[in-house]
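[1] Sequence plus the predicted model coming up.
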Amino acid sequence: MDEVFDASQFLGLPARSGPVDVAVIPLAYELTTSYGMGTADGPRACIQASAQVELFDQILGEDLPAGATFVTLEDFEAQAPTLRLQLDEMLGHAMPWLNGQCFPLFLGGEHGILPPIIQAASSHPLVDGDLSKLTVVQLDAHADLRSHLNGEIFSHACAASRSLDLGVGRLLQAGVRAYSSEEAQRIVSDQRITTFFARDTQHPHTGGVAWSKWLEELRELSGPVHFTLDIDGLDGALVPATGTPVPGGLSYWQAVETIEVLFANPHITVISADVNEITPQHDTPLTQFTAACLGTKIIACHLLAKREGRWKRTELVERGDAPSYSFEHFKQDGPSP
């Protein structure tokens, strides 16, 4: 039976009754952007553009929702007076959706959304409070490994760095082509980080070899994974309205291949994902439509993984009186006790 169209929902698919399979969570957050503005409006623009995305996925072999129950939350806008308190609000908003009962896809918003999502993932039963079990796979033009930008340690330029400081066990990056000397040094010195630079994967003669090595890294992963897709990881011609577009990036099909290979790995469980740095493009919807297409591919690959047994609802973990976390007390050399 055809679904009733609802323009306020991702892909126009209205929520059904019953347990939620996929939650699309828009995070209209923008406090530390350092170049182009407008990412706070990106999630809603992406949802609006998704109305034009085809529901059929070739790998899944059928139209979405493919029997699944979708829900698209209302836009989240933090109200707290300080950046760190807003991160705490975002953490509280994300945590209920990382309980192992559904698959959350977060739409941003600047990449500063990543640390609260990662901290929320610590409550997932497969992570069970130990973020060293978690791998973050990142497509991005930027390494996001700065210690600070203009004095702000929670800048979007520090998202991956703060996630590692929270205790993430491994970080895999591809598409990186804009980074500082400080970040270059951390990539070399921190054994948790594996970076595939765009100058290697996109090289006109030898790029295929480097790209194959990236895919092999994805196939060798194990354990829980969070996938973070900063759309500026794509070539700027595909996403010209993103806040910090950079030439020489990944093709659309390389992003699709990354998603398909990652979710097909039988040794991992992708517990969550985000698509971020979406900025509405007004002369053409190309930027937000590209983001919507990739978000749709993530969902389709998740549903295929669920169908084939690579993702299952997990038992809720009773954590007793575990102390609550607050970014207000974050210390740069690691999470607060």
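    Yep, it's here.
[2] Every contact and neighbour count from this point should use C-alpha atoms.
    OK.
[3] Helices of this protein, residue ranges please.
    Using DSSP state H, the helices of the chain run over 42-50, 83-94, 114-121, 159-165, 181-189, 198-201, 207-219, 252-264, 286-307.
[4] then the lowest-mean-pLDDT helix or strand in the chain to PDB, C-alphas only?
    In the chain, the helix or strand scored least confidently by mean pLDDT, DSSP states H and E is helix 83-94, which has a mean of 92. The C-alpha trace of helix 83-94 is given here as PDB (Å, rounded to 0.1, in the frame of the first residue of the first chain):
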ATOM      1  CA  LEU A  83      28.000  26.600  24.500                       C
ATOM      2  CA  ARG A  84      28.800  23.800  26.900                       C
ATOM      3  CA  LEU A  85      25.400  23.800  28.400                       C
ATOM      4  CA  GLN A  86      23.900  23.600  24.900                       C
ATOM      5  CA  LEU A  87      26.100  20.500  24.300                       C
ATOM      6  CA  ASP A  88      24.700  19.100  27.500                       C
ATOM      7  CA  GLU A  89      21.200  19.700  26.100                       C
ATOM      8  CA  MET A  90      22.100  18.000  22.900                       C
ATOM      9  CA  LEU A  91      23.600  15.100  24.800                       C
ATOM     10  CA  GLY A  92      20.300  14.700  26.700                       C
ATOM     11  CA  HIS A  93      18.300  14.900  23.500                       C
ATOM     12  CA  ALA A  94      20.400  12.200  21.700                       C
END
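[5] Check what contacts that helix and list those residues.
    With Cα atoms under 8 Å, 6 or more residues apart in numbering as the test, helix 83-94 has contacts from 31, 76, 78-80, 113, 116-117, 119-120, 326-328.
[6] Please list only the buried members of these.
    31, 76, 78, 113, 116-117, 119-120, 326-327 (16 or more other Cα atoms under 10 Å).
[7] got any ranges where the stretch 201-337 of the chain has weak pLDDT?
    Within the stretch 201-337 of the chain, the stretches with pLDDT under 70 are 316-323, 332-337.
[8] Can you add distance to A300 and give the contacts of helix 83-94 back as JSON lines?
    Formatted as JSON lines, these follow (distance: Cα to Cα, whole Å):
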{"residue": "L31", "distance to A300": "31"}
{"residue": "F76", "distance to A300": "24"}
{"residue": "A78", "distance to A300": "30"}
{"residue": "Q79", "distance to A300": "33"}
{"residue": "A80", "distance to A300": "35"}
{"residue": "I113", "distance to A300": "23"}
{"residue": "P116", "distance to A300": "25"}
{"residue": "I117", "distance to A300": "21"}
{"residue": "Q119", "distance to A300": "25"}
{"residue": "A120", "distance to A300": "23"}
{"residue": "S326", "distance to A300": "34"}
{"residue": "F327", "distance to A300": "33"}
{"residue": "E328", "distance to A300": "37"}
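[9] From those, pick the one nearest D235.
    I113 (22.0 Å; Cα to Cα).
[10] all strands in the protein, in order from the N-terminus.
    With strands called from DSSP state E, the chain shows them at 22-27, 56-57, 62-63, 70-72, 103-108, 135-139, 170-176, 193-197, 223-230, 268-276.
[11] Among these, which comes closest to P96?
    Short answer: strand 103-108, nearest of the strands of the chain by Cα to Cα, at 9.9 Å.
[12] count of neighbours near S132?
    Applying other Cα atoms under 10 Å, we find 15 residues neighbouring S132.
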